[in-house]
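Participant: Structure for the following, please:
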Amino acid sequence: MVEILITVAVLGILMAGSMSKLGFVDRAAKFQKLNSDTRHINQALRVYTASGGSIGSLTDPQQILDKLKTTRSAQSDAQYAGLGGSMVDPRLKAITKSAANPGIWNKVVTWDAVQKRFVVGEGNSGIVEFRLDETAGKAAYQTEDRARPLIAYNTANGWVWSYDQSDPAPVRFVSSQVQLSSGAVGTSVATVPTTLPPSDGSGGAGSNATSPPPVLSDLLPPVLSVPGGSYPPSQFNLTVDLTNPNPGLSSWILVSVNSAPFAQYSGPLSVASGSTIQAYTAGQPNLWNSSPQVSAGYTASAPTPLTAPQISPSSAQFSSSSSGAFNRTALPGYQKETVTINVNSTSTSYIYAPQDKVILGFRIASGHPVSSFNTMMPLTLAQSFFPQMRHGMILRTKTGVVATGLQMELEFASLPTGYAVTQSTQKNWNGAGGYGSCFAPAGHTATGGGFQLLDAGRFASLSAYAAPGSSWPNRTFGPNEEGWIVAGPNDGIGGSGFIYVISFPPPAAAPSPVTVSLTHANSPSVSRLEYRIGTGGTWTTYSAPFQVSSSATSPSVTVESRVVATSVDYSDSPNASSTVSAASTTVSATP
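Facilitator: Below you'll find the predicted structure:
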């Protein structure tokens, strides 16, 4: 199947080239016909005037052609020794330039009133074709009296010729029909010997006769193999051949490129864009008149812009998810310490977190009875006894209880970006079922916290961290809910205060890469597809879909693409751009 498609494509290219060549050959043939017809009509004009005819002051081309269709009157023709009939076919008609008949290559035929001849040139008005009008018929057109010829039949006795010795040497023209390129019948001329017989005293020619001047023919202009015009840049330099349509032994082509002096043409020309060729045909001066000049200019057309590519990312936005337990030990500046304190119901012990850190959690490690007064003060409280806004704890035992050598295990860490401190509403609790709780925001993990008593003489007996899904008498933690629970002693007194939670979201997993595909509608034989990541990246040739990834420094990614021209006939496409936006993180934390 691939071979068939390739064959069809090659045949199409060959056919297009053949049609273009045939079109040029057809136009060249029409131009050649116009030149040939003009040359034959000019020959008929010379025969007509040499036979006593006169164009006079006529300038209309059709009226001039109609003059050539006339014949001599019967009386005049009886004495005339030459051609007295019509010089051209009575059906001959001049077709002028119009929308319906535009001609070829802007070539037209006009009447030169000074030289009394038709000339081929360029212009917006004139004759574009000589055609036979079948509606006119072949009947004789009309007769006229023409001037007395230099030599005529003698109507008196004596020598056959009636010759006027004072006239210039006579020229006798013999007519024969010739075929125009279109089939029109014209006239060719042959000059008979001009040597006259000796004079016998009867008015015939004598020995003093001189040879008449020769009748010169007009040369046709050269034909250019490539007409002037605009061509794709890749075709330059153009190779232009000049062909001489005239007899080659007695004529030749003279050519000038870009107004250089004319020189004899010797072979194909290599023509650059912006060049102009001028040429004409010259010949032996005793046989030919030089042809009109032909001129052709050649320019490179503007490159065709390539169409922009299409960028197709598999997703317009990066996506990511997070799951699993929050890794407390992976927090910045994590450290764990054990401290030993002595505390009782009347003396207060203060435990501070290191500078710029928070207490993540604590427990009594010595097995001593549960502390009766445990408070973790969050950063936002700014208590005067916590200098420089440091987190800390205040411990005091139950009335009458002395804790000597109480060992406390504490965890500290720095506060990373995204932490939050949440304060509960005022809570009342006691051992008979009074529980206070404070939860981390949804999607966050509680890493530290504590409680603060408001009632002097009343105290809490329990402070515990609760994970999602934990069940307490007055509360069941839902998904992504974490926090601290405080319960009062089982003495019916209880207490009131606030509970605090220090929390921040778990680290999100790296966003999944996005696959980017590029397409374009240009031919790969004249173009190359490229892309780059970001507006200042390095351009890379595209060969297959590629992936782009988000990062902390570049959460969104911009892809640019272009189609680069590999042929001078085309120019690069505009840049196309597409941005994959930053991830919308979905947190699914499981402590």
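
Participant: immediately after the helix or strand where I6 lies, which helix or strand?
Facilitator: I6 belongs to helix 2-50 when assigned by DSSP states H and E. Using DSSP H and E, the helix or strand that follows helix 2-50 towards the C-terminus is helix 61-68.

Participant: Can you list the buried residues in that next one?
Facilitator: Using 16 or more other C-beta atoms under 10 Å as the test for burial, helix 61-68 gives 61, 64-68. Bear in mind the C-beta positions are built from the backbone N, C-alpha and C, glycine included.

Participant: Over to stretch 520-538?
Facilitator: 520, 522, 526-533.

Participant: of all the residues you listed, which comes closest to E3?
Facilitator: E3 lies nearest to V526 out of those, by C-beta to C-beta, at 23.2 Å.

Participant: The strand or helix carrying S561 pairs with which strands, parallel or anti?
Facilitator: Element membership for S561 (DSSP H and E) is strand 557-565. Here strand 557-565 is paired, per DSSP bridges, with strand 527-533 (antiparallel), strand 576-580 (antiparallel).

Participant: what inclination does the helix holding I6 have with respect to helix 61-68?
Facilitator: Helix 2-50 and helix 61-68 meet at an angle of 60 degrees, taking axes from the mean of the first three to the mean of the last three C-alpha atoms, to 10 degrees as the criterion.

Participant: Show me what helix 2-50 is packed up against.
Facilitator: Under the contact definition 3 or more C-beta pairs under 8 Å, 6 or more residues apart in numbering; DSSP states H and E, helix 2-50 sits against helix 61-68, strand 107-112, strand 117-122, strand 127-132, strand 173-179, strand 185-191, strand 217-218, strand 223-224.

Participant: could you give the angle of it to strand 127-132?
Facilitator: With the same axes, to 10 degrees as the basis, helix 2-50 and strand 127-132 are set at 80 degrees to each other.

Participant: and the angle from helix 2-50 to strand 117-122?
Facilitator: Orientation note: helix 2-50 sits at an angle of 150 degrees relative to strand 117-122 (the same axes, to 10 degrees).

Participant: what about the stretch 101-250 of the chain, any weak spots by pLDDT?
Facilitator: Applying pLDDT under 70 to the stretch 101-250 of the chain picks out residues 137-141, 148-215.

Participant: could you redo the last one with a cut-off of 90?
Facilitator: Scanning the stretch 101-250 of the chain with the threshold set as pLDDT under 90 gives 101-108, 111-117, 120-126, 128, 130-218, 246-250.

Participant: residues in contact with the strand holding S561?
Facilitator: If you take C-beta atoms under 8 Å, 6 or more residues apart in numbering as the criterion, strand 557-565 is touched by 303, 306-309, 311, 313, 318, 514, 516, 518, 520, 522, 526-535, 537, 539, 542, 548-550, 571-580.

Participant: what's downstream of it, the next helix or strand?
Facilitator: Sequence-wise, the next helix or strand downstream of strand 557-565 (DSSP H and E) is strand 570-571.

Participant: Show me what that next one packs onto, helices and strands only.
Facilitator: Applying 3+ C-beta pairs under 8 Å, 6+ apart, one finds that strand 570-571 contacts strand 304-305.

Participant: Give me the sheet partners of the strand it packs on and which way each runs.
Facilitator: strand 570-571 (parallel).

Participant: Could you report the neighbour count for the nearest residue to H520 once chain neighbours are set aside?
Facilitator: Excluding the flanking residues, the one nearest H520 by C-beta to C-beta, 6 or more residues apart in numbering is P309, at 4.0 Å. For P309, the count of nearby residues is 24 (other C-beta atoms under 10 Å).

Participant: how close does P309 sit to S573?
Facilitator: 7 Å (C-beta to C-beta, to the nearest Å).

Participant: can you tell me the average pLDDT over the helix holding I6?
Facilitator: If you average the pLDDT over helix 2-50, you get 75.

Participant: thinking S295 is in contact with S259, fair?
Facilitator: No - using C-beta atoms under 8 Å, S295 is not in contact with S259, being 10.6 Å away.

Participant: Between those two, which has more neighbouring residues?
Facilitator: Set S295 next to S259 and count neighbours by other C-beta under 10 Å: S295 wins out with 15 against 8.

Participant: Redo the strands paired with strand 557-565 as TSV? Include mean pLDDT and distance to G52.
Facilitator: Shown next, in TSV, are those (pLDDT from 0 to 100; distance: least, C-beta to C-beta, whole Å):
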stretch	mean pLDDT	distance to G52
strand 527-533	95	73
strand 576-580	94	81
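
Participant: closest to G56 out of those?
Facilitator: Nearest of the strands paired with strand 557-565 to G56, taken as C-beta to C-beta: strand 527-533 at 66.9 Å.

Participant: Tell me the first helix or strand C-terminal of the longest strand belonging to the chain.
Facilitator: Longest strand in the chain, counting residues (DSSP state E): strand 402-414. Next along the chain after strand 402-414, taking DSSP H and E as the criterion, comes strand 420-423.

Participant: Any buried residues in that next one, and which?
Facilitator: By 16+ other C-beta under 10 Å, the buried positions in strand 420-423 come out as 421-422.

Participant: which helices and strands does that strand pack with?
Facilitator: strand 435-439, strand 495-504.

Participant: neighbouring contacts of stretch 250-269?
Facilitator: 219, 222, 239-242, 244, 271, 275-284, 287-288.

Participant: Identify the bridge partners of S517.
Facilitator: Beta-bridge partners recorded for S517 (DSSP bridges): S312.

Participant: Just to check, K97 is in contact with E129?
Facilitator: No - using C-beta under 8 Å as the test, K97 is too far from E129 to be in contact (9.2 Å).
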